[in-house]
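[1] Requesting a structural model of the entry that follows:
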Amino acid sequence: MYGLINKAIQDMVCDRFGEEIWQTIKQKAEIKIDTFLRMEPYPDDLTHKLVKATSEVVGLSGAEIMQAFGEYWIQYTGQAGYGAMMDMCGDTLPEFLENLDDLHTRLSINFPEYHPPSFECTETEENSLKLDYRSNRHGLAAMVVGLLKGLGTRFNTEVKIVQTQNREEGAEHDAFLIEYKPN
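    From the prediction side, this is the model:
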């Protein structure tokens, strides 16, 4: 994963728990890097070590950390120079979700080693969507739930998310049912 992800994890931990806790997490994860370079690729294992160590140090499950990170990521990327690109993807939650693959394609230009996930959005009934999530990375479904909650906040939309297919339980891909209500 790119350094932007690891830097965002660092910033989330420092914002919520403080610099001292971050240093404890780095030590527990055996990470010797002082500064994550945002545009530099890092092994996925490094990110997983950070999440595992964060979970152990702050007493939350890995899924809770990933969900919190997904919510944080929406705000973080909006402030880290990607806000205008996000704005181009839509003015509502459904419109944004429909354009997610296009957003990831554009990001691939700046991050040549990026292997983006794929999101397929299908309207199931009024104010309800099915979201199919495919990725070559495992264990990120909880982050997707957080991303969806963060997008709900971004679009001032109440969201209820239920995972209907779980790749970790043998499904081909992860899928979510999203019920939404604009405020």
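[2] CA only for contacts and neighbour counts going forward, please
    OK.
[3] and the closest residue to residue 49 other than its chain neighbours, backbone torsions?
    Excluding the flanking residues, the one nearest residue 49 by C-alpha to C-alpha, 6 or more residues apart in numbering is residue 29, at 5.4 Å. Per-residue torsions, residue 29: phi -80, psi 0 (degrees, to the nearest 10).
[4] Let's verify residue 181: helix, strand, or coil?
    strand (DSSP: H, G, I helix; E, B strand; the rest coil).
[5] burial count for it?
    Neighbour count for residue 181, taken as other C-alpha atoms under 10 Å: 15.
[6] How much space separates the most centrally placed residue in the chain from residue 20?
    The centroid of the chain falls nearest to residue 70 when counting by C-alpha atoms, centre = their mean (3.6 Å). In this view, residue 70 and residue 20 are 23 Å apart by C-alpha to C-alpha, to the nearest Å.
[7] hang on, the earlier thing: so which strand or helix has the residue nearest to the centre of the chain?
    helix 62-77 (DSSP states H and E).
[8] Tell me where the model's unsure across the chain.
    Scanning the chain for pLDDT under 70 picks out nothing.
[9] Can you show me the helices along this structure?
    3-17, 19-28, 44-58, 62-77, 83-87, 93-98, 100-110, 141-154 (DSSP state H).
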